[in-house]
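*Asks:* pasting a predicted model and its sequence here:
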Amino acid sequence: MDSLLDPIFLSRLQFAVTIMFHILFPVLTIGLGIYLVVLEILWLSTRAEIYYRMYRLWARIFAVNFAVGVVSGVVMEFEFGTNWSRFSALTANVFSPLLYFEVMTAFFLEAGFLAIMLFGWDKVNHVIHFLATSFVAAGAVISATWIMAANSWMQTPAGYNIVQGKFMVTSFAAVIFNPSFTVRLVHMLSASFETSFFAVAGISAFMLLKGNNVPFYRRSMGLALLMAALMAPLQVYVGDRNGLEVFRYQPAKLAALEGHWDTNIGGGAPLILIGVPDMEAEKTFFQVSVPNALSLLVTHTLTGSVPGLKEFPREDRPNSFAVFWSFRIMAGIGFLFLFVMLWAGFLWKRGRLFHNRPFLWTIVSVQPLGWLATEMGWVTSEMGRQPWLVYNVLKTVDGGSPIPSGNVLWSLGLFFLIFLAVGSSYFYYVIKILREGPDITSPVPLIRRPAGVGIMETRQETQQRHEGGQK
Amino acid sequence: MTLAHLWASLVGLAMILYVVLDGISLGMALLFPLSADEKDRTIMMETIGPIWDANQTWLVFGGAAIFAAFPPVYSILSSALYIPLMTFVMGLIFRGVTFEFRAHSVRKAVWDRAFFLGSLVAVLSQGIMLGAILTGISISNMQFSGGALDWLKPFSLVVGVALIPGYTMLASCYLVMKTEGAVQEKAFRQALWSGLAVLFFMGVVTVWTPFHYPLVWKNWFSVPRIYFVWSFPMLGLVAAHILIKSLKARRETTPLVCAVALFLAGYFGLVTSLYPYLIPPTVTIEDAAAQPETLLFTLWGAVIVLPLVIAYIIYSYSVFGGKVGGDHYYG
């Protein structure tokens, strides 16, 4: 990074801007997709109208979100070539098939069934419609799988040889199931689920505080919190497992994100909770730390040796100040979510979940934090990978395109403006959809029994009918 | 047939599928300024609403396939065509979000403009990129070695403009199939003048290209191409003739078939002119092919998954078949 006008620096900045914008949307697509599948299962099994109404509202938001995700994603596909053409040319044999399979097995699946899911209620039977919802949700998860395989390969490369400077595949299985793939995939999926469920809960809590459509939003929030309750502890656990992989395969990244400069010999390494890592001074100032805790976390012993950042040549050190803080913000939010869920469990036991106003306000306030945590996690992961593009093999400075800075300045500026416009419009329309609220008057589709008789009643009503001889 | 050649055919198929399918959506937006009112524009959007995303995905697939099977083509062209490619993608952003944003907005005029401008920018960029590839890309050592504005040439701009009637032709023939009443009536007329304009531009480009390109001239007159390269303009003229006749006779499906045939004629003409070069005149199919393991892995993927993809996409289209009537997906 020579100067602000260096094409590599600008290309990095542009990739950061485009990917940090883009990722906001698939996170919700992945999580809300699963929420909608659950809603449709509840609708089909209980026949309770409220689940259909919930589906239709959250699906409207899903649709808007999906569109922005798609168009911002197209940018990413071409950006590997436009700004990182050397990386693309060198790693293509290994890297590009993963993106190719993503398009073929995930994007087509989502795109192919989205229309039926959103508009096909009265054109297909309930089985086909449910399959459509499931395929769209599955497509989002499959998409994440391939992308995490590709990105994880850059972090912990495997399954390749280098012949005359080019990466050649030796085993696609090893490429895909590279060492960090599984844990990072689960971590990202869990992050998407958790963020989305908290988002639904937060929106619902806000509506409850305003007294809008109380039964509707109670059900929405309850279901979302139940699903979030499964995710919050899982995410903390998987985060820890992720850290272990980073320690094993990317020790420089771990040292940087922990602000750990000196390899501990003899005693255990302290876990620095807060502090100010200084790249020049090679120290973390103003630190508040817990003795031996870092050794405990990553080596599972009280005195295990943890390589410090000073072990690595200066030019191979990631920016510790950046990743130290991005990591702490992310982890902090992860724990915050966990505590909020514990509080929720406690309130639920007492039957006060939907009435406790401080709790509802808390849910509303923490709602955007899932996205912040996701972004901070990615900053940690990708800035922590620097100066490498392919870890320990290909440096970022060697991966750019033979293009002038002017090109990148131009596109970076335009993307920034475009995403500002599209992003604000997105918020505007999502809020509009929420203001309009659930549609509770239009007809509910029939679910036909095999005998061909349409049934619109709930289980309760069926029971009453049999008992009371009504209808 | 080598693995690389097999892959080239697959990439070629993906590209023409994208051009035709998304051409309908892009063309629809280009027809917006000629539409009568907001109601008509909503109808126009509803004809493509359920299919635009799947159609666009063929572009993403084509790009990924080129990256996987012919990596130097992907890396060279992306750098060489940086500005038109980024412009193309930016245009796609605006036209894509319009489908959802317009539906929820009261003042639809803003989004009508975004839809039109985004699509116009995308169409012009596409043509510019194609024209630039034909006029030559500076390559040394399998890397782009030219300037940032090499693509900006009169020929590229003409190709960009030439795509406009091509896509309005596709879109209006699609409207003829999917709508009724005033919208359909208008579409019949639009398809007619679009078709004539396409013929004109195809003539211009067909004559101009070999003058730019000694390679093309040579290819056309060498054996064995000299035996069949003339069939494509013939096919094009026949398709154009039937198109005009069927439009005058108020047929509803034949026009679209002919319009697609016209595109295919042009496309195959282009392919035969340039074979075996992927980036004329320096990079051939064999030059650019990825390692055989990659080609095989991805080809197996295509063989297993693509037929399924095509099947469920056709199913999805059939669910929304018939005329666009009272359904309101986007309004």
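*Replies:* Looks like it came in fine.
*Asks:* contacts, neighbours, all on C-alpha from now
*Replies:* Will do.
*Asks:* right, and the helix or strand after the helix or strand harbouring residue A:348?
*Replies:* For residue A:348, the enclosing helix or strand under DSSP states H and E is helix A:320-349. Using DSSP H and E, the helix or strand that follows helix A:320-349 towards the C-terminus is helix A:357-366.
*Asks:* other SSEs contacting that next one?
*Replies:* helix A:181-210, helix A:320-349 (3 or more CA pairs under 8 Å, 6 or more residues apart in numbering or on different chains; DSSP states H and E).
*Asks:* mind doing that once more with 7 Å?
*Replies:* helix A:181-210 (3 or more CA pairs under 7 Å, 6 or more residues apart in numbering or on different chains; DSSP states H and E).
*Asks:* so for the helix it packs on, mean pLDDT?
*Replies:* Regarding helix A:181-210, the rounded mean pLDDT is 97.
*Asks:* okay, the angle between the helix or strand just after it and helix A:320-349?
*Replies:* Where DSSP H and E defines the elements, the next helix or strand beyond helix A:181-210 is helix A:214-249. Going by axes from the mean of the first three to the mean of the last three CA atoms, to 10 degrees, helix A:214-249 is angled at 140 degrees with respect to helix A:320-349.
*Asks:* what helices or strands is helix A:214-249 leaning on?
*Replies:* Counting contacts by 3+ CA pairs under 7 Å, 6+ apart, helix A:214-249 packs against helix A:181-210, helix A:320-349.
*Asks:* what mean pLDDT does that helix get?
*Replies:* Here the average pLDDT along helix A:214-249 is 95.
*Asks:* same question, stretch A:347-355
*Replies:* On average, stretch A:347-355 scores 92.
*Asks:* interface residues of the stretch 201-331 of chain B facing chain A?
*Replies:* Neighbours of chain A within the stretch 201-331 of chain B, by CA under 7 Å from any CA of the partner chain: B:290, B:291, B:294, B:298, B:309, B:312, B:313, B:316, B:319, B:329.
*Asks:* tell me what the helix or strand where residue B:118 lies is packed against?
*Replies:* Using DSSP H and E, residue B:118 maps to helix B:108-135. Judged by 3+ CA pairs under 7 Å, 6+ apart, the packing partners of helix B:108-135 are helix B:3-30, helix B:82-104, helix B:154-178.
*Asks:* what residues of it count as buried?
*Replies:* Across helix B:108-135, burial judged by 16 or more other CA atoms under 10 Å in any protein chain shown covers B:108, B:111-135.
*Asks:* what about residue A:289, neighbour count?
*Replies:* Using other CA atoms under 10 Å in any protein chain shown, the number of residues around residue A:289 comes to 15.
*Asks:* over to the one 4 residues further on?
*Replies:* Using other CA under 10 Å, the number of residues around residue A:293 comes to 19.
*Asks:* sketch out the low-pLDDT regions of chain A for me.
*Replies:* By pLDDT under 70, the low-scoring segments of chain A are A:1-2, A:448-471.
*Asks:* tell me where it has strands.
*Replies:* Remark: strands assigned in chain A by DSSP state E are A:160-163, A:166-169, A:271-278, A:283-290, A:388-390, A:394-395, A:447-448, A:454-455.
*Asks:* again with the stretch 201-331 of chain B
*Replies:* For the stretch 201-331 of chain B, strands defined by DSSP state E, counting those that start in this stretch occupy the ranges B:277-279, B:283-284.
*Asks:* dump these to a markdown table, plus mean pLDDT and mean neighbour count.
*Replies:* Below are those laid out as a markdown table (pLDDT from 0 to 100; neighbours: other CA atoms under 10 Å in any protein chain shown):
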| stretch | mean pLDDT | mean neighbour count |
| --- | --- | --- |
| strand B:277-279 | 91 | 19 |
| strand B:283-284 | 92 | 17 |
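*Asks:* to residue B:247, which of these lies closest?
*Replies:* Ranking the strands of the stretch 201-331 of chain B by proximity to residue B:247 (CA to CA) places strand B:277-279 first, at 36.6 Å.
*Asks:* what residue in the stretch 201-331 of chain B comes nearest to chain A?
*Replies:* Closest to chain A within the stretch 201-331 of chain B is residue B:313: 5.4 Å, counting by CA to the nearest CA.
*Asks:* contacting residues for that residue?
*Replies:* residue A:112 (CA atoms under 7 Å, 6 or more residues apart in numbering or on different chains).
*Asks:* pLDDT value on it, please?
*Replies:* If you check residue B:313, the pLDDT there is 96.
*Asks:* and it, how close does it get to residue B:64?
*Replies:* Noted for residue B:313: a distance of 19 Å to residue B:64, by CA to CA, to the nearest Å.
*Asks:* OK, contacts around residue B:242?
*Replies:* Applying CA under 7 Å, 6+ apart, the residues contacting residue B:242 are residue B:258.
*Asks:* coming back round to it: need the helices and strands packed on helix A:214-249 in JSON lines (columns: mean neighbour count and distance to chain B).
*Replies:* Converted to JSON lines, the helices and strands packed on helix A:214-249 look like this (neighbours: other CA atoms under 10 Å in any protein chain shown; distance: least, CA to the nearest CA, whole Å):
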{"stretch": "helix A:181-210", "mean neighbour count": "24", "distance to chain B": "19"}
{"stretch": "helix A:320-349", "mean neighbour count": "19", "distance to chain B": "30"}
